[in-house]
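Asker: predicted coordinates and the sequence they were generated for:
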Amino acid sequence: MTCMTERLPIKLWLEDMEDGAMEQSKHLANLPFTFKHVAIMPDSHQGYGMPIGGVLATQGVVIPNAVGVDIGCGMCAVKTSLTEISTETLKKFMDDIRKVVPVGFGHHKEKQSKEYMPGYIDPEVGSALSLSMLNGIVMKEWEKALYQIGTLGGGNHFIEIQKGSDGHIWVMIHSGSRNLGFQVAHHYNEVAIRLNEQWHTTIPKAWELAFLPLDSTEGHRYIEEMNFCVEFALANRKLMMDRILEIIGVEHEEMINIAHNYATLEHHFNQDVMVHRKGATLARVGTTGIIPGSQGTKSYIVQGLGNPESFESCSHGAGRKMGRKEAQRTLNLEEEVRKLNEQGVLHAIRGINDLDEAPGSYKDIDVVMENQKDLVAIVTALTPLAVIKG
């Protein structure tokens, strides 16, 4: 479906677009530096400034809020050699995982080794960081990050053990850059707001889409620190996965990783453009991706089809159909628990406050996958067995 009412077209891979997300999409389409069109994935819903599940290509600028606060947030998954697992074994695995992976607001009690940090950059003995990075947010947050690496975080972050349609047991993790990414995002969005006010930009402040020119000092610094956060988020997921696989103790294949909150320079429609993916993942031809459902529905390992109309992107999950508070107010706790119990899932729904992550708060993953069959091909379907939520 394509909306043609704005300066540039909005191409949508869904029909049930909420009003707030549609309004945000129109803002994107009317930005003076937006390139070609705006692409909205089938899991889209309202975010800050830009819809989650949005893909925006720009010329000459980067927009911190079009990346979001959890820079580099993404998925990783590993196929193990296990083909069967008992409920008792699952419970033991989950208990052991909770001992080594802090969740929610939890951090490690002790600093983790600097070797786990991206590139093993040691500020005490010299580093490969540029001067701007050494004076930036990453360095200010470095010591705190040593307590945060290898931790899950809260919200919709999760660890899941799954049974694949290939007959194997899989491990999947959804997590991001923790407080490091938040601090970088917040700082540079504030810088962008201040500069945009100085420049008397015509873009309304209420749109929450303050920008930084790519050729500016501030733009360079944001991209540099953003990229570090993307690498930190990957290192965070890898450390958790390594510790989980050590607990499971079987042979496994190489880890699949895909990020869904970042901006990168790419070539589309004969132009070099800055592609912002906010709750969207790369789906270039041959790219292996991960599209999770909810803790009560299937997730998918996919292969990208390289559709140029989506800027070679796809959804990052099922997508929310209601806000967290709305879910807690309206969903029935007993009903949500009953459905998960009937499916035999060791789930994370314990009380009303957990309903914001109940399956009922998410869109139908089957509809999402059907809507993007021109973006990705399904390789393996993964059914949840046990879930740890942040």
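Answerer: Received it, and whenever you're ready, just let me know what you need. Numbering: from 1, shown residues only.
Asker: show me what contacts the spatially closest residue to Lys321 that is not a sequence neighbour?
Answerer: Leaving aside its sequence neighbours, Lys321 sits nearest to Lys363 (C-beta to C-beta, 6 or more residues apart in numbering; 4.8 Å). C-beta here means a position set from N, CA and C on the backbone, and glycine is covered the same way. Residues counted as contacts of Lys363 (C-beta atoms under 8 Å, 6 or more residues apart in numbering) are 16, 42-43, 318-321.
Asker: any weak-confidence spans in the stretch 151-300 of the chain?
Answerer: Along the stretch 151-300 of the chain, the model assigns pLDDT under 70 to no residue.
Asker: the helices in it, which residues?
Answerer: 178-198, 217-248 (DSSP state H, counting those that start in this stretch).
Asker: sort the contacts of Lys363 by pLDDT and name the bottom one.
Answerer: Minimum pLDDT for the contacts of Lys363 is recorded at Lys321 (79).
Asker: ok, that one to Gln343 distance?
Answerer: Lys321 sits 19 Å away from Gln343, taking C-beta to C-beta, to the nearest Å as the criterion.
Asker: buried among the contacts of Lys363? Make that a PyMOL selection.
Answerer: The buried subset of the contacts of Lys363, as determined by 16 or more other C-beta atoms under 10 Å, is captured in PyMOL by this line:
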select buried, resi 42+43+318+319+320+321
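Asker: and the contacts of Lys363, which of them are in strands?
Answerer: Using DSSP state E, the members of the contacts of Lys363 that fall in strands are 42-43.
Asker: and the contacts of Lys363, which is closest to Gly289?
Answerer: Closest approach between the contacts of Lys363 and Gly289, by C-beta to C-beta: Asp43, at 12.9 Å.
Asker: isn't that closest one right up against Ser315?
Answerer: Yes: in this structure, Asp43 is within contact of Ser315 by C-beta atoms under 8 Å, at 4.0 Å.
Asker: need the overlap of contacts for those two.
Answerer: With C-beta under 8 Å, 6+ apart as the test, Asp43 and Ser315 both reach 53, 279, 368.
Asker: just give the number of residues close to the closest residue to the second one other than its chain neighbours.
Answerer: If I follow you right, that is Gly279. Counting by C-beta to C-beta, 6+ apart, Gly279 lies nearest to Ile52, which is 3.7 Å off, once chain neighbours are set aside. Ile52 has 24 neighbours, counted by other C-beta atoms under 10 Å.
Asker: same check on the one 10 residues further on?
Answerer: The criterion is other C-beta under 10 Å. On that basis, Val62 has 25 neighbouring residues.
Asker: measure it to Glu160 for me?
Answerer: In terms of C-beta to C-beta, Val62 sits 33 Å off from Glu160.
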